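In: Mind looking at a prediction? Sequence and model below.
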Amino acid sequence: MQDNATEVTAAGIARLAGVGRAAVSNWRRRHADFPKPVGGTETSPSFSLAEVEAWLRDQGKLAEVPLRERVWQQLAGHPEGPVTALTHAGCVLLLIHDRPTVWLDVGAGSDERLAEVLPAALVEVLTPRFGGGAAVNSAGAVNFAGAASAAGVVNPADAVNSSGAGSGGSDAGDGLAGGGSSGGGSAVVNGPGVDGDPVGVNNPSGARPHSAVHAPAPAPASAPAVHAPASAVHAPTTPELLLSAPLLRGAAELAAELGARQTFEFLLGRHLDANPRQYTLTPADLAGLMADLAGPARTVLDPACGTGALLRAVTTRADQELYAQDSAPELAALTALRLALHTRAGVRGAAGDTLRADAFPELRADAVLCHPPFNERNWGHDELAYDARWEYGFPARTESELAWVQHALARLRDGGTAVLLMPPAAASRRSGRRIRADLLRRGALRAVVALPVGAAPPYNIPLHLWVLRRPEKAPAQPEVLLADTGQFATEGRGGPDWREVREAVLDAWRAFDRTGALEERPGLVRSLPVIELLDDDVDLAPARHLPPPTAAEGTGALTAVRENLGETLRLTADLTPPPAEAAHPVPRWPLTTIGELARGGALGLRTGGNGGHARVPVLTDHDVLAGTAPSGTLPESDEEAVLVEPGDVVVPVLGGGSVARVIDDATGGAALGRNLALLRPDPAALDPWFLAGFLRGTANHRQASSYASTATRLDVRRLQLPRLPLDEQRRYGARFRALDEFERALRRAGRLGEQLVRGMYDGLTDGTVAPD
């Protein structure tokens, strides 16, 4: 049996047992029969998960571990690494999703039997979903025979359907949160030569691209000879599956509870959260905006797909084909599996450097969505000097983004639309002015939208969206749409006001797309004749071409801000706490923990999820930290969202801040976001303000937190609370509630003060406010 292959660290053991890491260290010293390390280092050993669980069970110390946590521990501790484990789990979840009865037969019996028969079963599901025929060799490895060209056939579904295999259905919903992380998202693997917002390591050798279906052989003699790229999704071999058997059974059990797609989204989301420096995620709200700008499409390409955020945001339709390429094979595989679980559309995935080894050279898509890598020098400048894609000019070595722009246009049908996320420098660098000029003259560049700061990584830069259309004919007097949504930035870390951004951008684009011109909205949007931009710089930055808001609008808004600030400052003065009086003697209360209270039924303990049935506002960890209203969104899914109620106490578990928020009537009904813990006290036993106040103690947080090299995580169950009568709790609770009101007034005054100062500076410098 291979259960012992999965390893767990001391921190994982602490989570399994519901204790702190210090308790695990004590057990190792005091109990001679505690499992011995099987890996790791002397200072950070790892242990066999199966041995640890058996020991904890024998000692009566094994907490009731949620199934999700157990499966995640199996994935995170997989001997071949979490990415391999996630790919194996994704293959099996796709089998469960498309052919559940086959899994029931395959999963019956021992792990050895599972590993022996599963490869052939996976071939039967991977082939119709990704295209091609397949066979299993004597070693248990899978070889695919390409029945369709993944390298340029516009409708490879024809070849797939000829085999008589149809694509499986799709679970309703979506389990990975946006933005936040939540949201789902594209990812970039750090390192030199990345290939897309989520791309991986570049391929300077110019090797042939790899498709998301493994190792296609030449097509039959009766069909034209075409090249089908090799696979990024490898059907695991028998030895590989033997190591993964416990994980696969756990994932299947979780799929029975959540659904196959939600299970994969949960595991992928946990992996992305656990490796924040490896991946740069595209927020779900931004992906949705880009997909809506592109409009309905049957064939859609993302040439830098990462984890598939942009393609997942596309509105589904009948006979749809999704094409994805990424230079990181592991991301190409995960994207292909993720999309296959998400939609009934045909999925054509490929691994390879898109600019050097395009997997779909003959594709003419309806739409292209792309978050390319920024500021790449090693993008293939020397090798690709005579490439046919440079229809608008050969990009300079420093203009990799303009190479991606022309690649996107080359893969569009006439009249097709491309939307790319771009760094603001691409709109104004002198080295790209000739290409920008030609894009404008020929009507290919239709809109440039400046996003608010915080819309996507890097969060300190206001990125741009470029909307392009492959010209069917040269326009006589083309115009271009310029928009600046910077005014919709918010003060906290929760991202911009996406509802306002979407409304402003989509309304402007749809009106402009219908008529070719647009009525000006000062400070926000205007359409401009191309001839006015064709100067020496060809600077497309929207802020340089948009007139400021009218003076009446500016001064009126500043007056309102000043009045609100005055009222808030008066309220703050009234709420200032009275002088503090020392307590004599200092009380020595008997203490309990949140874990003990939860086990005793005095409160309920829940954690934030990844989706839900209802489309409701989401309370994010940023909202809790900043004291703002719910600002997030969760994808709709079959997962039951955790809805907060008045009187609940919400605590962020990441970041190290001593914060706890009591939910009021205005916030009640919102969904609980990720990285948040919800405590629902029994009113007959606990006062919520008393609970929240004592949870905010600095010493309390310090003793309940664990520290990694880059983050602090709070173990909510270890937080302590004094045992006090309910009347005494309410006395403390009243004081804590008054402090909370004072704190909120201070925050509001700070925000209004900053807004007033910024508005005065802007008004004085742009002439809309008189100095006297």
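Out: Cool, got the structure.

In: Just give me the neighbour total for Arg723.
Out: 11 (other CB atoms under 10 Å). For the C-beta atoms, the positions are set from N, CA and C on the backbone; glycine is no exception.

In: How about the contacts made by it?
Out: Each residue near Arg723 by CB atoms under 8 Å, 6 or more residues apart in numbering is listed here: Trp589, Pro590, Leu591, Thr592.

In: before we move on, what about Ala345?
Out: Neighbouring residues of Ala345 by CB under 8 Å, 6+ apart: Ser167, Thr316, Gln320, Glu321, Leu322, Leu339.

In: buried stuff in stretch 415-427?
Out: For stretch 415-427, the neighbour count (16 or more other CB atoms under 10 Å) marks Gly416, Thr417, Ala418, Val419, Leu420, Leu421, Met422, Pro423, Pro424, Ala425, Ala426, Ala427 as buried.

In: Checking the fifth one next. Helix, strand or coil?
Out: Reduced to three states with DSSP: H, G, I helix; E, B strand; the rest coil, the structure at Leu420 is strand.

In: Name whatever forms a beta bridge with it.
Out: Under DSSP bridges, the beta-bridge partners of Leu420 are Cys370, Trp466.

In: ok, it touching Val448?
Out: No - the pair Leu420 and Val448 does not pass the contact test of CB atoms under 8 Å, sitting 10.6 Å apart.

In: Common neighbours of the two, please.
Out: Common contact partners of Leu420 and Val448 (CB under 8 Å, 6+ apart): Leu465, Trp466.

In: For the protein, name the helix or strand with the lowest mean pLDDT.
Out: Using mean pLDDT, DSSP states H and E, helix 157-161 stands out as the lowest-scoring helix or strand of the chain, at a mean of 34.

In: mind listing the helices for the stretch 301-450 of the chain?
Out: Ranges of helices in the stretch 301-450 of the chain, per DSSP state H, counting those that start in this stretch, are 309-312, 329-342, 400-410, 433-441.

In: list the contacts for Arg70?
Out: For Arg70, the contacting residues are Leu16, Gly250, by CB under 8 Å, 6+ apart.

In: Just the element for it, please.
Out: For Arg70, the enclosing helix or strand under DSSP states H and E is helix 67-76.

In: And the helix or strand where Gly566 lies, how far out from the chain middle?
Out: Assessed by DSSP H and E, Gly566 sits inside helix 551-575. Using CA atoms, centre = their mean, to the nearest Å, the mean C-alpha position of helix 551-575 is found 37 Å from that of the whole chain.

In: Ok, stretch 676-690 next?
Out: 31 Å.

In: Need the contact partners of that stretch.
Out: Residues from elsewhere that reach stretch 676-690 (CB under 8 Å, 6+ apart): 594, 597, 601-608, 619-621, 624, 642, 644-645, 647-653, 662, 672, 691, 714, 716, 724, 726, 729-730, 732-734, 736-737, 740.

In: For PyMOL, what selects the buried ones among these?
Out: Burial among these is assessed by 16+ other CB under 10 Å; the matching PyMOL selection reads:
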select buried, resi 594+597+602+603+606+607+608+619+620+621+624+642+644+647+648+649+650+651+652+653+662+672+691+714+716+724+729+732+733+736+737+740
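
In: now, which of the contacts of stretch 676-690 lie within helices?
Out: Among the contacts of stretch 676-690, DSSP state H puts 594, 597, 621, 624, 691, 726, 729-730, 732-734, 736-737, 740 in helices.

In: Would you check those and say which has the weakest pLDDT?
Out: Lowest in pLDDT among the ones in helices among the contacts of stretch 676-690 is Asp621, which has 84.

In: Go through the helix holding Arg70 and flag the buried ones.
Out: If you call a residue buried by 16+ other CB under 10 Å, then helix 67-76 has these buried ones: Arg68, Arg70, Val71, Trp72, Gln73, Gln74, Leu75, Ala76.

In: Over to stretch 47-54?
Out: Buried positions in stretch 47-54, judged by neighbour count with 16+ other CB under 10 Å: Phe47, Ser48, Leu49, Ala50, Glu51, Val52, Glu53.

In: Take the residues you listed and keep only those in helices.
Out: If you go by DSSP H, the buried residues of stretch 47-54 have Leu49, Ala50, Glu51, Val52, Glu53 in helices.

In: List the contacts of Ala260.
Out: Contacts for Ala260 (CB under 8 Å, 6+ apart) come out as Leu93, Leu94, Ile96, His97, Asp171, Leu341.

In: how far away is it from Thr335?
Out: From Ala260 over to Thr335 the distance is 16 Å, taken as CB to CB, to the nearest Å.

In: What of Leu575?
Out: Leu575 is 51 Å from Thr335, where distance means CB to CB.

In: out of these two, which sits in the more crowded spot?
Out: Between Leu575 and Thr335, counted using other CB under 10 Å, Thr335 has the larger neighbour count: 32 against 16.

In: what's the closest of the buried residues of stretch 415-427 to Ala252?
Out: Nearest to Ala252 among these: Leu421, at 36.9 Å, using CB to CB.

In: related to what we said a few turns ago, with pLDDT and neighbour count as new columns, can the contacts of Arg723 be given to me in TSV?
Out: Output for the contacts of Arg723, formatted as TSV (pLDDT from 0 to 100; neighbours: other CB atoms under 10 Å):
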residue	pLDDT	neighbour count
Trp589	87	12
Pro590	90	7
Leu591	91	12
Thr592	92	14
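
In: Go through those residues and flag which are in strands.
Out: Among the contacts of Arg723, the ones falling in strands (DSSP state E) are Leu591, Thr592.

In: Kindly reformat the contacts of Arg723 as CSV containing distance to Val467.
Out: Output for those, formatted as CSV (distance: CB to CB, whole Å):
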residue, distance to Val467
Trp589, 62
Pro590, 64
Leu591, 59
Thr592, 58
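
In: Which single one of the contacts of Arg723 is nearest to Leu241?
Out: Distance to Leu241 across the contacts of Arg723 (CB to CB) is lowest for Thr592, with 46.0 Å.

In: Tell me the bridge partners for the closest one.
Out: For Thr592, the beta-bridge partners are Leu721 (DSSP bridges).

In: Gln477 looks like it's in a helix, true?
Out: No - assigned with three-state DSSP, Gln477 falls outside any helix and is coil.

In: From Gly516, how far out is it?
Out: Taken as CB to CB, the span from Gln477 to Gly516 is 9 Å.

In: out of these two, which sits in the busier spot?
Out: When neighbours are counted by other CB under 10 Å, Gln477 and Gly516 differ, and Gly516 comes out ahead with 15 against 10.

In: With adjacent residues omitted, what lies nearest to that one?
Out: Nearest residue to Gly516 in three dimensions, chain neighbours excluded: Glu479, at 6.0 Å (CB to CB, 6 or more residues apart in numbering).

In: And the one you found, how far from Arg261?
Out: 43 Å.

In: Please apply the same query to Trp103.
Out: In this view, Trp103 and Arg261 are 15 Å apart by CB to CB.

In: Give me the contact list for stretch 535-550.
Out: Applying CB under 8 Å, 6+ apart, the set of residues contacting stretch 535-550 from outside is 424, 427-428, 430, 433-434, 436-437, 440, 445, 448-450, 464, 480, 482-484, 486, 520, 522-526, 528, 533, 554, 762, 766, 768.

In: Which among those residues count as buried?
Out: Listed as buried from the contacts of stretch 535-550 are 424, 427, 433-434, 436-437, 440, 445, 448-450, 464, 480, 482-484, 486, 523-526, 528, 533, 554, 768; burial here means 16+ other CB under 10 Å.

In: Ala474: how many residues sit nearby?
Out: Neighbourhood size, Ala474 [other CB under 10 Å]: 10.

In: Let me fix that, I meant to ask about Pro100.
Out: Pro100 has 14 neighbouring residues, counting by other CB under 10 Å.

In: Would you list the phi and psi of it?
Out: Dihedral pair for Pro100: phi -60, psi -30, per degrees, to the nearest 10.
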